[in-house]
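Engineer: take this sequence and fold it.
(chains A and B)
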Number of protein chains: 2
Amino acid sequence: MSVDVSTEDLEYAAGSREANHPSSPVAYFGADEPLRLDAGRDLSPFQIAYNTYGTLNADKSNAILVCHALTGDHYVASQSPVTGKPGWWNSIIGEGKPIDTSKYFVICSNVIGGCMGSTGPASIDPATGEPYGLDLPVITIPDMVRAQAMLVKRLGIDTLFAVIGGSMGGMQVLQWTVSYPDKVFAALPIATGARHSSQNIAFHAVGRQAVIADPDWHGGRYYAVGKRPHKGLAVARMAAHVTYLSETALHRKFGRNLQDRETLGFGFDADFQIESYLRHQGMTFVDRFDANSYLYMTRSMDYFDIAADYGGSLAEAFRDATTRFCLVSFSSDWLFPTGENRAVVHALNAAAASVSFVEIETDRGHDAFLLHEPEFFAAIDGFISSAARARGL
Amino acid sequence: MSVDVSTEDLEYAAGSREANHPSSPVAYFGADEPLRLDAGRDLSPFQIAYNTYGTLNADKSNAILVCHALTGDHYVASQSPVTGKPGWWNSIIGEGKPIDTSKYFVICSNVIGGCMGSTGPASIDPATGEPYGLDLPVITIPDMVRAQAMLVKRLGIDTLFAVIGGSMGGMQVLQWTVSYPDKVFAALPIATGARHSSQNIAFHAVGRQAVIADPDWHGGRYYAVGKRPHKGLAVARMAAHVTYLSETALHRKFGRNLQDRETLGFGFDADFQIESYLRHQGMTFVDRFDANSYLYMTRSMDYFDIAADYGGSLAEAFRDATTRFCLVSFSSDWLFPTGENRAVVHALNAAAASVSFVEIETDRGHDAFLLHEPEFFAAIDGFISSAARARGL
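Structural biologist: From the prediction side, this is the model:
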């Protein structure tokens, strides 16, 4: 499989902030291939950073697209050059794993609006020669998927064997089956929903206000003044992180345990382990993520509501579905509770789609989709294997 | 009933920030009556702002103490001079109401560490002549209760007929029955727990970090520079407010409804009603609440863990309980879920205490204890009436 990166692409990448992430291929789309955005504007030029694993087969029928979550990236099964950490879904993707890279060709791209190499608010706006900041139009989940479809086409692939992703990634999976119903053989939306709930919008609104309240944000133009709204973004991350865990898991992991002390400190330092843990989550996050991208990513999720374009009927959205679906929820996930996932299942049933649904019993909350959950792995393995047989792979 | 306010008290009040709230009586405790704090230091002098409703009877047996919640105050059944709003528990307290002021003498005081007239971080530190800021020792729930006991004694009352409060107020109620088991005839801890959970500490940690991240906080010394960390405090309030509501209530009240528009705005203004609502909650809160007090109040709740002083046994803490208890939880409250309330009931059962327990079915979340909930009112009415008969009132 040859990777489609022209010299022009590399120059573009080298001329922008994306030069920080040179380890992945980048697909460049010039003036002749604009990305039509839901905001009503074209994004052009733009680029998509991505990684691939495994080998595309001769008839190009073994491609699996992985869609990443809010703060994820395309280093799904290889070490991140930014954090040095292993791929975020190494547990699922690799040789001999549920998504076996000796059998499938796995693609994962950084979403548009992101900050790991694809065009986002930190990229240079060709109109000004300065980073976009908030001049980048709001990016939607359908926009992200439209860009991914252009990448998939660029890679010479007509139909994806499967699309898989959790949380915001799951939203993209669902959108793929609605936007391109004949281009996805199998879909695995994990721990997700067909719309963002009021409570979830609320938590995102808190996070965005925390970023915007930071004077170092400078109306989104912090790149020019050499500042970054680290404090606000850290608070946003802390608030979000609480929602990724279950009360039970927090109690089990941290309870009321004190940090590095025998007795209460009677001050405002981090007395409890949970405080120290959250501060650490906030502080490490700001080193790897762009604050404006955080605004864009959260906004894309808030805007997501598949049924809205179909008179409020989710079943109507899936009317043309020929895709085989496997949905997975986690019992203690209160961000995308089983009910939200089941609502999608019901709509798919109403649309007479092929759908299976698994709720994994776990106390690890929303984050479970990123953790070692053998039943979850088994569900993916079983569904992928069955779909592969149906596809003749 | 004469209110015990000396001229000295009024002078003290006039000389400090508490002069903003002249409409309530203030009890002053001078050098001869220090408040012993759990932090190991004495607070002296200090003052308690309070309100009373109804008339103390001849044998002083009809007093009910109301304990307020995190951001509450002593204007429980009369208009707040700061917000102009009616008393926050007008629904429960007044003539002919479940806590009938034609029958009972109701006392409500602003907690120590607060910002509505009682000594808190905005009060003048006599050692420096400047506001305490973070030099005020961390205040605990037992500290608050110890101060309330001094006020009750000052009012000439030996034994309270009842103590009632919700959330942080409920923590104080529980603490009263442990600290002064023979001074409380009946106790009504509402929507509370005997300790703050890891998840609740986590949300408070987020709020505190939001305040501390605001450069206008100035290490807590913002009074001197004429600034207030409004932005950070607003973010803290927004985050907390989400936890006071249930997902169901948010969906019912706001859903994904847009604010003042027909279609998505494709920007970062408040598109959704829930965003606009939360921003409003944040902005109005900062006008009435001191940011440092917010740090102290949240810390007091985080530190709360009754069993900790009794070898981890909650039942042991209630060993001497002669009080009659009525606990109330709300089915959709995920901040102090029914399980946390029930854990107290189980401990009281183990201590052979007299206890009744009601879970109110509602979708309004933690905030339900402040809202119009007829079943809740009926439960209070029934328990208070029954306790009054037992007390011979």
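
Engineer: so where's the stretch 101-250 of chain A uncertain?
Structural biologist: Within the stretch 101-250 of chain A, no stretch has pLDDT under 70.

Engineer: around chain B, pick out the residues from it.
Structural biologist: A:134, A:137-138, A:195-199, A:201-203, A:205-206, A:208-210, A:212-215, A:231-232, A:234-235, A:238-239, A:242, A:245, A:247, A:250 (CB under 8 Å from any CB of the partner chain). The C-beta positions use only the backbone N, C-alpha and C, and glycine is treated the same way.

Engineer: would you map the helices across the stretch 51-200 of chain A?
Structural biologist: Secondary structure of the stretch 51-200 of chain A (DSSP state H, counting those that start in this stretch): helices at A:141-154, A:168-179, A:198-213.

Engineer: okay, the angle between the shortest one and helix A:141-154?
Structural biologist: Regarding helix A:168-179 and helix A:141-154, their directions subtend 70 degrees when assessed with axes from the mean of the first three to the mean of the last three CA atoms, to 10 degrees.

Engineer: could you list the domains of chain A?
Structural biologist: Using automatic domain parsing, the domains assigned to chain A come out as A:7-196+A:306-391, A:200-300.

Engineer: out of the helices of the stretch 51-200 of chain A, which comes closest to A:E262?
Structural biologist: helix A:198-213 (33.0 Å; CB to CB).

Engineer: counting by contacts, list what whichever helix or strand comes after that closest one packs against.
Structural biologist: Beyond helix A:198-213 on the C-terminal side, the first helix or strand identified by DSSP states H and E is helix A:222-225. On a contact count with 3 or more CB pairs under 8 Å, 6 or more residues apart in numbering or on different chains; DSSP states H and E, helix A:222-225 meets strand A:130-131.

Engineer: at 10 Å what do you get?
Structural biologist: The contact analysis (3 or more CB pairs under 10 Å, 6 or more residues apart in numbering or on different chains; DSSP states H and E) places helix A:222-225 against strand A:130-131, helix A:291-303.

Engineer: winner for burial among those?
Structural biologist: Highest mean neighbour count of those: helix A:291-303, a mean of 25 (counted as mean count of other CB atoms under 10 Å in any protein chain shown).

Engineer: and the next helix or strand past that helix?
Structural biologist: Reading on from helix A:291-303 to the C-terminus, the next helix or strand found by DSSP H and E is helix A:314-317.

Engineer: check whether that following helix comes near chain B.
Structural biologist: No. Using CB under 10 Å from any CB of the partner chain, helix A:314-317 never reaches chain B; the gap is at least 13.2 Å.

Engineer: can I get that helix as CSV, trimmed to CA atoms?
Structural biologist: Only the C-alpha atoms of helix A:314-317 are listed here, as CSV (Å, rounded to 0.1, in the frame of the first residue of the first chain):
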residue,chain,number,x,y,z
LEU,A,314,-34.1,8.8,13.8
ALA,A,315,-35.6,5.7,12.1
GLU,A,316,-36.1,7.9,9.0
ALA,A,317,-32.4,8.8,9.0
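
Engineer: after it, next one along is what?
Structural biologist: Sequence order places strand A:324-330 as the next helix or strand after helix A:314-317, per DSSP H and E.

Engineer: relative to chain B, how far out is A:K227?
Structural biologist: Applying CB to the nearest CB, to the nearest Å, the value for A:K227 to chain B is 12 Å.

Engineer: what residues does that residue make contact with?
Structural biologist: A:214-218, A:221 (CB atoms under 10 Å, 6 or more residues apart in numbering or on different chains).

Engineer: still on that earlier bit, would you reformat the domains of chain A as JSON lines and include distance to B:F272?
Structural biologist: Listed next are the domains of chain A as JSON lines, based on distance: least, CB to CB, whole Å:
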{"stretch": "domain A:7-196+A:306-391", "distance to B:F272": "9"}
{"stretch": "domain A:200-300", "distance to B:F272": "5"}
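
Engineer: how about the strands in chain A?
Structural biologist: A:26-29, A:35-36, A:42-43, A:46-53, A:63-67, A:93-94, A:99-100, A:105-109, A:124-125, A:130-131, A:160-166, A:184-190, A:324-330, A:354-360 (DSSP state E).
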